[in-house]
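>>> the sequence and its predicted three-dimensional model are supplied below.
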Amino acid sequence: MDSNGVLSHVLPPLMHDPVTFAIPFFLIALIIEWVAAGKLAHDEAERPPNGAYLKPDAWASISMGLVSIFTSGVLNAVALIGYAALYVYVAPWHLPGNAWYTWVIAIVGVDVLYYVYHRIAHRVRLVWATHQAHHSSQYFNFATALRQKWNISGDVFLRALLPLFGVPPWMVFASFSINLIYQFWIHTERIGKLWRPIEFVFNTPSHHRVHHGMDKQYLDKNYGGIFILWDRLFGSFQAETTRPNYGLTKQVDTYNIWTLQTHEYVAIFRDVRRATRWRDKLGYAFGPPGWEPARRPAEAGAAEVRV
C-alpha cells in the first residue's frame, strides 16, 4: 500500500472524536449532580459542603471546557498530521488496527504516558503553568472535570511515542478520548470508596479527590488516568484518609477564565526577569512549583543580623 493509502486509514474525520459525542452525557451528569447537591454554597468563607456547586465557579469551569474544545482541536489537528508522518515514514512496524492487542497497547500506552506527563506537570513549573488551571477550583464536582487546560502541547508531544512505535494515529486519539471520558466521573464527592479490587487497580473518585487536595499529605499524589497501578508502582500513591481541601496552595480568587489560565505564566515571567543569575532563572522556569534559590552565605548572614 502506498503512503496515500496508509494516510487514508490513519487520518479519519476529527468529528469521530468520542469526546464530542460524550459532551451531552457530561452535561446531563453535571446537572444531576448539581441538583443532588441540594443547595449552592454561597459563602466562600465557609468550607463548601460535599458536592456543592458555586454558580460563578461552575460557570468558569464550563467556560474553560468550551474554550478547550477549540484549542485542543487545533493542536490535535496539527498533531494528527505529525503522528501520521511518524507512523508512515518512521515507525519500524505497523500494528494492525483491527487486532484486540493493539487496542490494549494503545489504551495502556496512553495511560502510562498520561501518568508520565501528569507527574512532570506537577514537578516542572513551566509545565505546571499549563495544568494548574484544572486544579484552581476550591470545589470538586463534575463541573471541575470540565475545567480543562487550553495548552495540551505536553500531552501531544508525549503521545507521539505511540505512532512512532506503530500504533495507528486514529487509535491513539481514540484511546486518549477514552482516557479523558473515563476521568470525568471521578470528579465527584458523591461517590465514596468502591470495592477494594476496583480501588486497587483503577483510578476512582476517592483517589482523585486526593489528587485535587491542597493538604500537605495529598500534594503531588495519584497521577493516574484510568489506572492507579502506576502510582502504586512508582511511589506516588496516597489513600484518602480525610476529606481534602481543594484548590491551589496559593488560591487564585477569581472567576476570570483568562486569569485562571495565564496567571502562572505571568508569575514565571516576573520571577525569571527579577532573577540575577542564570541558574536561578532556569530554576524558576524548570524547577518545581514554589522553587526558590538558595540564599548565598552573605545574604543569609545579613538576614541573621537583621533578625
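Arrived safely.
>>> any idea how far the residue nearest to residue 97 when sequence neighbours are not counted is from residue 86?
Setting aside the residues directly before and after it, residue 97 is nearest to residue 168 in space (Cβ to Cβ, 6 or more residues apart in numbering), at 4.6 Å. Yep, even glycine has a C-beta here, placed from its N, CA and C like the rest. In this view, residue 168 and residue 86 are 11 Å apart by Cβ to Cβ, to the nearest Å.
>>> looking at it, residue 61 is touching residue 138, isn't it?
No: using Cβ atoms under 8 Å, residue 61 is not in contact with residue 138, being 11.4 Å away.
>>> mind checking which of the two has more residues around it?
residue 61 (29 against 21; other Cβ atoms under 10 Å).
>>> where does the more buried one sit: helix, strand or coil?
helix (DSSP: H, G, I helix; E, B strand; the rest coil).
>>> helix or strand for the closest residue to it other than its chain neighbours, just tell me which one.
What sits nearest to residue 61 in space, not counting adjacent residues and going by Cβ to Cβ, 6+ apart, is residue 147, at 3.8 Å. For residue 147, there is no enclosing helix or strand under DSSP states H and E.
>>> list the buried residues for stretch 88-102?
Buried residues in stretch 88-102, counted by 16 or more other Cβ atoms under 10 Å: 88, 91, 94, 95, 102.
>>> which one of those residues is nearest residue 288?
residue 91 (34.5 Å; Cβ to Cβ).
>>> list the contacts of that closest one.
163, 164, 165, 166 (Cβ atoms under 8 Å, 6 or more residues apart in numbering).
>>> taking the residues you listed one by one, which sit in helices?
Secondary structure defined by DSSP state H assigns 163, 164 of these to helices.
>>> any chance of the contacts of residue 91 in a markdown table, plus neighbour count?
What follows is the contacts of residue 91, written out as a markdown table (neighbours: other Cβ atoms under 10 Å):
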| residue | neighbour count |
| --- | --- |
| 163 | 29 |
| 164 | 14 |
| 165 | 17 |
| 166 | 17 |
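>>> where does the protein have low pLDDT?
In the predicted model, the chain carries pLDDT under 70 at residues 1-51, 296-307.
>>> which residue ranges form the strands in it?
Using DSSP state E, no strands are found in the chain.
>>> just to revisit the earlier point, count of residues packed around the residue nearest to residue 97?
Neighbour tally, residue 168, other Cβ under 10 Å: 25.
>>> same deal with residue 55?
Residues contacting residue 55 under the criterion other Cβ under 10 Å number 13.
>>> residue 255 versus that one, what's the distance?
Relative to residue 255, residue 55 is positioned 9 Å away (Cβ to Cβ).
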